[in-house]
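In: show me the folded form of this:
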Amino acid sequence: MPIRAVLWDVDDTLFDYSGADRVAMARLLELEGLPGGWHTPDEALDGWRALTGRHWARFAAGETDYEGQRRDRVREFLGRELTDAEADAWFRRHAAHYEAAWSLFPDVLPVLDLLDGYRHGVLSNASSGQQDRKLSALGVRHRFEALLCAVELGVSKPDPGAFHAACEALALEPHEVAYVGDEPDIDAAGAVAAGLTGIWLDRAERGGRADLVRITGLHQLPGVLSRDTRFGASDTFG
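Out: From the prediction side, this is the model:
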């Protein structure tokens, strides 16, 4: 049976998260200075990203709640003790710069137009409120009939339960759904393990995963979907 719907990751797939994050941190450090423990703004940004991944993993494992992982991330990044209110205030200042830099990747709107014969949904390892507001601000929320996120689901990618919940929201079987995301294991391999067609969007052209269906830009996606290469493909297209 052909693919009938496309499920999408959001950050660094549809939305240029890394670009916005870099701009936000640069602007905040210009105003507030470099925290102790970091020698350059680039080192601080790399550290912030590493802390984000580590503390999100704690949240995904049930070791802390959503607000807790965010506050702990801020405390560790700044290298000092903060009250919850102080950590929240710093994060809000960062978020203001981050939101000002929000943008879609240039290939997103063209491919959504080309794929108007497919149904579309979102499955993200963030919160529904956050992603709904982001996609609305970027003018594309109406393109997706379903939006499911780990915070509300209680399960995150690559757990098959997350992918199956999204398929159920679309009232489709996993084999009728493709998942597109920028992480080879969390997104593409996780989707394949759950019975979907997993497609790795490798914008940075890292390569090295011949086991996955891989594209380097969304302009390649319509051709991949039309071939329905669920059970394996070359690691490059186009």
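
In: could you use CA atoms for every contact and neighbour count after this?
Out: Will do.

In: from one end of stretch 70-86 to the other, what's the distance?
Out: By Cα to Cα, to the nearest Å, the extent of stretch 70-86 from end to end equals 12 Å.

In: typo on my end, it should be stretch 194-206
Out: So stretch 194-206: terminal residues 24 Å apart, Cα to Cα.

In: and for that stretch, what's in contact with it?
Out: Identification of contacts with stretch 194-206 by Cα atoms under 8 Å, 6 or more residues apart in numbering yields 13, 159-161, 163-164, 174-184, 187-192, 212-218, 228-231.

In: all strands for the protein, in order.
Out: 5-8, 119-124, 146-149, 177-181, 197-201, 213-215 (DSSP state E).

In: point out where this structure drops to low pLDDT.
Out: Scanning the chain for pLDDT under 70 picks out 1, 228-238.

In: which helix in it runs the most residues?
Out: helix 41-60 (DSSP state H).

In: can you report phi and psi for residue 64?
Out: phi -160, psi 170 (degrees, to the nearest 10).

In: what is the burial count for the nearest residue to residue 108 once chain neighbours are set aside?
Out: Nearest non-adjacent residue to residue 108, counting by Cα to Cα, 6 or more residues apart in numbering: residue 14, 6.1 Å away. Counted with other Cα atoms under 10 Å, the neighbours of residue 14 add up to 22.

In: mean neighbour count for the strands of the chain - can I get that in TSV?
Out: Shown next, in TSV, are those (neighbours: other Cα atoms under 10 Å):
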stretch	mean neighbour count
strand 5-8	24
strand 119-124	23
strand 146-149	22
strand 177-181	26
strand 197-201	28
strand 213-215	27
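
In: would you list the ones you listed in TSV and tack on distance to residue 19?
Out: Compiled in TSV, those are given as follows (distance: least, Cα to Cα, whole Å):
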stretch	distance to residue 19
strand 5-8	19
strand 119-124	18
strand 146-149	22
strand 177-181	17
strand 197-201	16
strand 213-215	20
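
In: pull the contacting residues for the nearest residue to residue 225 once chain neighbours are set aside.
Out: Excluding the flanking residues, the one nearest residue 225 by Cα to Cα, 6+ apart is residue 3, at 6.9 Å. Contacts of residue 3 were listed using Cα under 8 Å, 6+ apart, and they are 175, 176, 177, 178, 225, 228.

In: repeat that for residue 221.
Out: 111, 215 are the contacts of residue 221 under Cα under 8 Å, 6+ apart.

In: 10 Å instead?
Out: Contacts for residue 221 (Cα atoms under 10 Å, 6 or more residues apart in numbering) come out as 111, 114, 115, 180, 199, 201, 214, 215, 227, 237, 238.

In: for it, give its distance to residue 100.
Out: Applying Cα to Cα, the value for residue 221 to residue 100 is 29 Å.

In: thought residue 219 was touching residue 114?
Out: Yes. Contact criterion Cα atoms under 10 Å: residue 219 and residue 114 qualify, at 9.2 Å.
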